[in-house]
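Engineer: would you be able to build a 3D model of this:
(3 chains)
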Amino acid sequence: MTTAIWWARRDLRLHDNFALGAALAHGDTVIPVFVLDPALLRANAAAGKRLAFLFGGLRALDADLRARGSRLIVRTGSPGDELAALREETGAGAIYAEADPWPYARERDAAVARHLPLAMTEGITVRPYDAISKAAGGPYTVFTPYSRAWKSLPLPVATDLRPPPDRLAAPPQLGSAPIPDGHVAAPFPPGEAEALRRLAVFAEGRNAPIAAYGDARNWVDLQGTSELSPYLRFGMVSALRASVAALSAAGDTHDAGARQSAGTWLNELIWREFYAAILYHFPNVRQEAFRANLRNIPWQNDPAGFAAWKAGLTGYPVVDAAMRQLKATGWMHNRARMISASFLTKDLLINWQEGERYFMQSLLDGDPASNNGGWQWTAGTGTDAAPYFRVFNPILQGLKFDPKGDYVRRWVPELGLVPTKYIHSPWEMPAELQKQLGFQIDSDYPAPIVDHKFARERVLLAYRSSSS
DNA sequence: TTTTGAGTTGTTCGA
DNA sequence: GTCGAACAACTCAAA
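Structural biologist: Numbers count the residues shown, from 1 in each chain, chains lettered A, B, ... in the order given. The predicted model follows:
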């Protein structure tokens, strides 16, 4: 009788799990394990919401396994030591895990593999990180040709494992640490069942939201996006299943708009894979701008501005709504991410790396590859970056994508009584009107901490003079 | 090797 | 109010 270990990390699901599948193919019995790595817990101590989401996901996975007569073995310690001990205890002949592009994970896995029979599989992304190369060789650094190559390959076969109970082992003598507690943000209940439910609601059926995604995704006051990012982050739904859902939504309709919408959502999934591949091939993006000629931008040292940005007190309502949504829920609408990131880098001229770090602390879906890619894109320092003169105007963005001010009023309640005409520029309210409403700019809500017109000139000059 | 076309998400200005 | 051009030049990918 052979035994294999399934080492779960950020693939907390039973469907389409390539590591679990490989373990089942190797062993008569498979032992599911998650290792709580104190080094990682320490490094993420400030990211309490995401840790709580992870712990909730572990509890959900454990419950799903128990429903199949098994359970999740949880160990606390360095992964190398804990897996070695578990191998001793079980006589397992192999360990399987899904490969992660993050440099920390790659080093950790390489170290484990030096002493233990660890085999890596794909699965976190649909395409393995080095699977897509230019015709002349080497990784793509521009999204569009990458996405064309991505789409030209056949999809791997989905492997809904739902392993039969007798194949998953749970020897009662195996010790397991308790899963830590944590307060999970209400809008995002963790777990595979919830992830699959959300995917079905978003992408399945005639009038599913995916059919309107192309436009609806831009409005911050609507629920036009899938809100699946935390689930994709921890693999509670597989990227493969999401991609299949997008492709079948596109194929199931003759409505050109609906088809295009589904294609747009698929592109978002491919962006995730693109940035995973970028981090894999260019790990230096963690420390510096991808573009060498934009590594000398004269960023401002502005602790007060940074604090105001984090607190949602910049005086620009849509930026403040975004930052407060993040703080309250651990999630932020995609367009709001662009608006708030543009404000930090372009209006406050604060280094994108500071924003990247704060987002990593705050986001349930915080992922080293996507977060870095998004910030470098906004800052204009990344692969395939926005041209540097593309500076978001926080007033215009508010008017366009939150025209009635619903998003602002929801997250910035002190602006609740401000008329829609002034909701994105409350400092322009006549004194008379302010008095009438019992609202005073600067005391009830800050005046803009920086003038956008001035800031725009400043950042254009800074980029122009520092690029070479 | 050289050439060619293209590149997520915007804003402002002037006609 | 609407519309198109300018914003800047560079790099990438493929023929």
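Engineer: the residue of the stretch 351-468 of chain A found nearest DNA strand C in helix, strand or coil?
Structural biologist: Closest approach between the stretch 351-468 of chain A and DNA strand C, counting by Cβ to the nearest atom of the strand: A:Pro387, at 3.2 Å. Every C-beta, even on glycine, is put in place using the N, C-alpha and C of the backbone. With DSSP: H, G, I helix; E, B strand; the rest coil as the basis, A:Pro387 sits in coil.
Engineer: now do the same contact list for it.
Structural biologist: Residues in contact with A:Pro387 (Cβ atoms under 8 Å, 6 or more residues apart in numbering) are A:Gly380.
Engineer: pLDDT value on it, please?
Structural biologist: Predicted confidence (pLDDT) for A:Pro387: 81.
Engineer: got it, and A:Arg162?
Structural biologist: A:Arg162 is assigned 66 on the pLDDT scale.
Engineer: can you list the residues of the stretch 351-468 of chain A near DNA strand B?
Structural biologist: Contact residues (Cβ under 7 Å from any atom of the strand) of the stretch 351-468 of chain A with DNA strand B: A:374, A:377, A:384, A:386, A:389-393, A:396-397, A:400, A:452-453, A:456.
Engineer: following the helix or strand hosting A:Phe274, which helix or strand shows up next?
Structural biologist: According to DSSP states H and E, A:Phe274 maps onto helix A:256-281. Moving toward the C-terminus from helix A:256-281, the next helix or strand (DSSP H and E) is helix A:303-311.
Engineer: would you indicate which residues of that following helix are buried?
Structural biologist: Neighbour counts over helix A:303-311 (16 or more other Cβ atoms under 10 Å) mark A:305-306, A:308-310 as buried.
Engineer: out of those, which one sits closest to DNA strand B?
Structural biologist: Of the buried residues of helix A:303-311, the one sitting nearest to DNA strand B (Cβ to the nearest atom of the strand) turns out to be A:Trp309, at 17.6 Å.
Engineer: which pLDDT value goes with the closest one?
Structural biologist: Here, the pLDDT recorded for A:Trp309 equals 98.
Engineer: hang on, the earlier thing: hmm, the helix holding A:Phe274 touching DNA strand C?
Structural biologist: No - Helix A:256-281 stays clear of DNA strand C (Cβ under 7 Å from any atom of the strand), getting no nearer than 9.9 Å.
Engineer: any regions of chain A where pLDDT drops low?
Structural biologist: A:160-166, A:169, A:468 (pLDDT under 70).
Engineer: ok, and the closest non-adjacent residue to the closest residue to DNA strand B within the stretch 1-150 of chain A?
Structural biologist: Using Cβ to the nearest atom of the strand, A:Thr144 is the residue of the stretch 1-150 of chain A that sits closest to DNA strand B, at 3.3 Å. Leaving out its chain neighbours, the residue that sits closest to A:Thr144 by Cβ to Cβ, 6 or more residues apart in numbering is A:Asp384, at 7.9 Å.
Engineer: that neighbour against A:Tyr140, yeah?
Structural biologist: No - applying Cβ atoms under 8 Å, one finds A:Asp384 not in contact with A:Tyr140, separated by 9.1 Å.
Engineer: what helix or strand is A:Arg114 located in?
Structural biologist: helix A:103-115.
Engineer: name the helices or strands packed onto that helix?
Structural biologist: Counting contacts by 3 or more Cβ pairs under 8 Å, 6 or more residues apart in numbering; DSSP states H and E, helix A:103-115 packs against helix A:79-90, strand A:118-121.
Engineer: which stretch of helix or strand covers A:Ala328?
Structural biologist: Following DSSP H and E, one finds A:Ala328 within helix A:317-329.
Engineer: check whether that helix contacts DNA strand B.
Structural biologist: No - Helix A:317-329 lies out of reach of DNA strand B by Cβ under 7 Å from any atom of the strand, never closer than 10.3 Å.
Engineer: which other residues reach that helix?
Structural biologist: The contact list for helix A:317-329 (Cβ under 8 Å, 6+ apart) reads A:185-188, A:220, A:309-314, A:331-333, A:336-337, A:339-340, A:343, A:359, A:362-363, A:394, A:397-398, A:401-402, A:405, A:407-408, A:410-412, A:415, A:423-424, A:426.
Engineer: buried subset of the residues you listed?
Structural biologist: If we count by 16+ other Cβ under 10 Å, the contacts of helix A:317-329 have these buried: A:185, A:188, A:220, A:309-310, A:312-314, A:331-333, A:336-337, A:339-340, A:343, A:359, A:362-363, A:394, A:397-398, A:401-402, A:405, A:407-408, A:411-412, A:415, A:423-424, A:426.
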